[in-house]
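In: need a structure here:
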Amino acid sequence: MEMDLKQAQVLILLVLASMLAVGMANKNIASTQRWNHGFNHTDWFAKHQNGTGGPKRIVVGGSENWHFGFNYTDWALKNGPFYLNDTLVFKYDPPVDNSSHPHSVYLLPNFWSYLNCDLTRAKRLADVTQGGGEGFEFRLKRWQPHYFACGESNGFHCDKGLMKFFVMPLFRRWHG
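Out: This is a model prediction of the structure:
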């Protein structure tokens, strides 16, 4: 049976969601045993369970902004979940001369492009000049995975500089 790319992405997301659900269900067991390897499940759950507030404006990388050598995948995992209508802000210095290393923001089309830093079918969202000042803003408007990367140096910043991450925005809880 052949599986197309969309089906593979959905399967990966379902597996990840299932793993998270099982992990959260077992958080009390993990905290009483030595299986948590330093990860505090209770603090993570308390920090991330409230999806009832309004949309947030989130600076990608926090105080580190968008630069070469920072692990944005790790940042996204630690600072998620992200919700529909949240705005991601990419702040980076515009190039000042030929010796500077400019950055950009690309939206990759799928998980495989993300893994391989393949920019062939990626969409440039922000060029090297748009990260200055208040930064470039991207609102998470669709319930789908979003794969972000720096597209400079033919994917070198993405691949070797760790300038990539993905988010799957969640729906906020509604209280009536």
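In: show me what contacts Gly161?
Out: Each residue near Gly161 by C-beta atoms under 8 Å, 6 or more residues apart in numbering is listed here: Phe68, Gly69, Cys150. (Glycine included, C-beta is placed from N, CA and C.)
In: these two touch, right, Asp159 and Asp118?
Out: No. Using C-beta atoms under 8 Å as the test, Asp159 is too far from Asp118 to be in contact (9.6 Å).
In: in stretch 84-99, what's buried?
Out: Across stretch 84-99, burial judged by 16 or more other C-beta atoms under 10 Å covers Asp86, Leu88, Val89, Phe90, Lys91, Tyr92.
In: for stretch 108-117, same thing?
Out: Neighbour-count burial for stretch 108-117, counted by 16+ other C-beta under 10 Å, picks out Leu108, Pro109, Asn110, Phe111, Ser113, Tyr114, Cys117.
In: Just the C-alpha atoms of it, please, in PDB.
Out: Included here for stretch 108-117 are C-alpha records, laid out as PDB according to Å, rounded to 0.1, in the frame of the first residue of the first chain:
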ATOM      1  CA  LEU A 108       8.900  24.900   3.700                       C
ATOM      2  CA  PRO A 109       6.200  22.800   2.000                       C
ATOM      3  CA  ASN A 110       6.500  19.500   4.000                       C
ATOM      4  CA  PHE A 111       8.300  17.500   6.700                       C
ATOM      5  CA  TRP A 112      10.800  16.000   4.300                       C
ATOM      6  CA  SER A 113      11.900  19.400   3.100                       C
ATOM      7  CA  TYR A 114      12.200  20.500   6.700                       C
ATOM      8  CA  LEU A 115      14.400  17.500   7.600                       C
ATOM      9  CA  ASN A 116      16.700  18.000   4.600                       C
ATOM     10  CA  CYS A 117      16.600  21.800   4.600                       C
END
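In: quick one: contacts of the helix or strand encompassing Tyr106?
Out: Taking DSSP states H and E as the criterion, the element that holds Tyr106 is strand 105-108. Applying C-beta under 8 Å, 6+ apart, the contact partners of strand 105-108 are 66, 90, 114, 118-119, 121-126, 130-131, 136, 138, 146-151, 164.
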